[in-house]
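Participant: Got a sequence here, can you model it:
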Amino acid sequence: MTARSRTDRMMGLGTRLALAALLGMPAATPVAFAGGLTDVAGLKVGHHTLDERPTGCTVVLAGPEGAVAGVDIRGGAPGTREIALLDPVNHVQKAHAVVLSGGSAFGLDSATGVVRYLEEHDIGYETRVAKVPIVPAAILFDLGVGGKPHIRPGADCGYAAAKAASDGPVAEGNIGAGTGATVGKMGGPGRNMKAGIGTASITLPDGLVVAALVAVNAVGDIIDPATGKVVAGVRGEDGKGLADARTLLRSGNLGRRRSPPPQENTTIGVVATNAALTQVEAKKMAMMAHDGYARAISPSHLPSDGDLIFSLATGTFAGEANLTVIGALAAEAMADAIVRAATQATSLEGIVAVRDLQPAQD
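Facilitator: Sure thing, here's the model as predicted:
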């Protein structure tokens, strides 16, 4: 697959038939897989990567009017900001930006810089005395990469990412929040692999767009749902080839390890659509998108990670919003984005990426 086009990727037969039936289309109707989150009109994405240590942050700007926003958290140890606002029972319905950051809880400061940038551009929730930017944020743990845990994204990082945001093609791999991201940590130190940021989108013939952006920092392996094969993850004991975390789990050997595998992880992402959704529907889209995590990360949603997905709905699509279709496509796009986060990453700090992985010895 090329970096900017996946039109030759085949959606799973069952999914394709189900979606075609829901839309009243022939099963052979072409569905375009191309681009990324910025295929949703009105969204901009910006990254900022620190030079001192492999870490950074990624910002999604939702435009002056914001976008209806939701969130769904499945991990047991999330690091977040402004999440309560996204509960549909609360008053605020829209977010003006979403921040994904490295640096563990310290990285939540990145959102402060985005708030400052939006305030300077007169963007925010209207109150009697000021416009208040609504900027939910989530973080992943990458403090162990690069040997300088005191260096992590702050307000300046968030401001720079917001300033760099554009509606053009989204950079992937070792950039922004994905700079220090790794996968395959179930085998213990020295057997993990590099991952990063990935993005994907799906456009239906009627103009409906559903897209995903994700920073993949998982304990588990990355699985390509189209083939069922491991793309990246736990390497063999000789550091070559892929051990397959599913096989390790079934063997029972992981439960008898003298020292447990690293616990600090978390995969954080955003799904977006140009459809008009209520905040309840936006949350359901985020919930359904977690199926993409389950398909492409094995295992996922662990007690000690903070796996979560934000959702944004811009409402520029003139057609009818079919939530079943939108949620199903969100899971598809998220799974695609997760695979790309692994395949577009490059080796860093002695952590090998899939493009440099040597085959296992016979």
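
Participant: what's the residue closest to the geometric middle of this protein?
Facilitator: In the chain, the centroid-proximal residue (Cα atoms, centre = their mean) is Val214; its distance is 1.5 Å.

Participant: elements contacting the helix or strand hosting it?
Facilitator: Using DSSP states H and E, Val214 falls within strand 209-215. Here strand 209-215 touches strand 56-61, strand 197-203, strand 268-273, helix 323-343, going by 3 or more Cβ pairs under 8 Å, 6 or more residues apart in numbering; DSSP states H and E. From N, CA and C alone the C-beta is placed, and that goes for glycine too.

Participant: one more time with 6 Å
Facilitator: strand 197-203, strand 268-273, helix 323-343 (3 or more Cβ pairs under 6 Å, 6 or more residues apart in numbering; DSSP states H and E).

Participant: need the contact list for the closest residue to Phe317 other than its chain neighbours.
Facilitator: Nearest residue to Phe317, sequence neighbours excluded (Cβ to Cβ, 6 or more residues apart in numbering): Asn274, at 4.1 Å. Each residue near Asn274 by Cβ atoms under 6 Å, 6 or more residues apart in numbering is listed here: 40-41, 209, 314, 316-317.

Participant: Likewise for His96?
Facilitator: Neighbouring residues of His96 by Cβ under 6 Å, 6+ apart: 62, 66, 118, 123, 133-134.

Participant: Nearest spatial neighbour of it, chain-adjacent residues omitted?
Facilitator: Spatial nearest neighbour of His96, chain neighbours left out: Gly66 (4.4 Å); criterion: Cβ to Cβ, 6+ apart.

Participant: Now do the one you found against Gln93, distance only.
Facilitator: For Gly66, the distance to Gln93 equals 9 Å [Cβ to Cβ, to the nearest Å].

Participant: Looking at these two, which one has more neighbours?
Facilitator: Neighbour count, other Cβ atoms under 10 Å: between Gly66 and Gln93, Gly66 has more, with 23 against 18.

Participant: Run a quick check on the more buried one versus Ala97, I expect a contact.
Facilitator: No. Counting by Cβ atoms under 6 Å, Gly66 stays clear of Ala97, with 8.3 Å between them.

Participant: Can you pull out the low-pLDDT segments for the stretch 101-250 of the chain?
Facilitator: Of all residues in the stretch 101-250 of the chain, none has pLDDT under 70.

Participant: Let me see the ranges of the strands in it.
Facilitator: Ranges of strands in the stretch 101-250 of the chain, per DSSP state E, counting those that start in this stretch, are 125-126, 131-132, 137-139, 182-183, 193-194, 197-203, 209-215, 221-224, 229-232.

Participant: would you turn those into CSV with distance to Ile175?
Facilitator: Formatted as CSV, the strands of the stretch 101-250 of the chain follow (distance: least, Cβ to Cβ, whole Å):
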stretch, distance to Ile175
strand 125-126, 30
strand 131-132, 29
strand 137-139, 16
strand 182-183, 15
strand 193-194, 12
strand 197-203, 6
strand 209-215, 10
strand 221-224, 18
strand 229-232, 17
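
Participant: Report how many residues lie close to Lys194.
Facilitator: 31.

Participant: ditto for the one 10 residues further on
Facilitator: The tally of other residues near Leu204 (other Cβ under 10 Å) stands at 20.

Participant: Check Gly292 too.
Facilitator: Neighbour count for Gly292, taken as other Cβ under 10 Å: 28.

Participant: isn't there a helix covering it?
Facilitator: Yes. Under DSSP: H, G, I helix; E, B strand; the rest coil, Gly292 falls within a helix.

Participant: Offset the numbering so it begins at 41, please.
Facilitator: In the new numbering, first residue 41, that becomes Gly332.

Participant: Can you name the residues that contact the closest residue to it other than its chain neighbours?
Facilitator: When the adjacent residues along the chain are set aside, Gly332 lies closest to Met374, with 2.9 Å between them (Cβ to Cβ, 6+ apart). Met374 makes contact with 252, 329, 332, according to Cβ under 6 Å, 6+ apart.

Participant: how much space between Arg286 and Val99?
Facilitator: Arg286 is 35 Å from Val99, where distance means Cβ to Cβ.

Participant: ok, now Gly153?
Facilitator: Distance from Gly153 to Val99, counting by Cβ to Cβ: 9 Å.

Participant: rewinding a little: take the contacts of Met374 and write them to TSV, including distance to Arg231.
Facilitator: Output for these, formatted as TSV (distance: Cβ to Cβ, whole Å):
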residue	distance to Arg231
Ala252	28
Ala329	29
Gly332	25
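
Participant: Would it be right to say that Thr78 lies in a helix?
Facilitator: Yes. Counting by three-state DSSP, Thr78 is part of a helix.

Participant: quick one: contacts for Gly194?
Facilitator: Neighbour list for Gly194: Asp149 [criterion: Cβ under 6 Å, 6+ apart].
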